[in-house]
Structure formats: C-alpha cells, structure tokens
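Student: this one's structure only:
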C-alpha cells in the first residue's frame, strides 16, 4: 500500500477510501471539489470537510488488489478485494 499526493491531475471519487493525514486515519470520501479546494469525508460516523492538501490517495499494488480475503461460508465462494 502506497500513499500518494492528490495533485492537479488526480481526482478522488465519492466512495473511495483515502488517508486523512492530520488524524492519520483512513476515511471514506463523500465529495471532492477542486474549485473550492475541499474534500468532504465520513470520519468516525461524522462528516468532516478539509483542504485537499490534508488527504492522500491510497494506491494498491496488483498483488494487493488480487489478494483473497475470507470466503462466504454459505455459498463457499471467496471474496476478492
């Protein structure tokens, strides 16, 4: 897992997990507004809005993306991230 700056070309989509640097926690993106320089996220069950500079994108390697997690015991299929 690698954390990358959100530069002028990068975009963050609602529903994407990102790192909130001041608290060093992973949060869920709710809104991204480059013009007004803010990202609104869900943090500990509450909405939080802060400057784009305080967030980093999470990049997974191919191996991490294909890594299997626990499977469904009812149907026997495994979940893939």
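Tutor: Noted; the coordinates are in hand. From a predicted model like this one, the values you see are computed outputs, not experimental measurements.
Student: Let me see the ranges of the strands in the chain.
Tutor: For the chain, strands defined by DSSP state E occupy the ranges 2-5, 17-20, 25-33, 38-43, 46-50, 55-59, 68-71, 78-80.
Student: Excluding covalently adjacent residues, which one is nearest to the residue nearest the centre of the chain?
Tutor: Taking C-alpha atoms, centre = their mean, the centroid of the chain lies closest to residue 17, which sits 1.4 Å from it. Nearest residue to residue 17, sequence neighbours excluded (C-beta to C-beta, 6 or more residues apart in numbering): residue 26, at 5.3 Å. For glycine as for every other residue, the C-beta is placed from the backbone atoms N, C-alpha and C.
Student: ok so, going back, Serialize the strands of the chain to JSON lines and add fields for mean pLDDT.
Tutor: JSON lines is the format used below for the strands of the chain (pLDDT from 0 to 100):
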{"stretch": "strand 2-5", "mean pLDDT": "92"}
{"stretch": "strand 17-20", "mean pLDDT": "96"}
{"stretch": "strand 25-33", "mean pLDDT": "96"}
{"stretch": "strand 38-43", "mean pLDDT": "96"}
{"stretch": "strand 46-50", "mean pLDDT": "96"}
{"stretch": "strand 55-59", "mean pLDDT": "93"}
{"stretch": "strand 68-71", "mean pLDDT": "64"}
{"stretch": "strand 78-80", "mean pLDDT": "59"}
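Student: so which of these gets nearest residue 11?
Tutor: strand 25-33 (6.6 Å; C-beta to C-beta).
Student: All good on my end, thank you.
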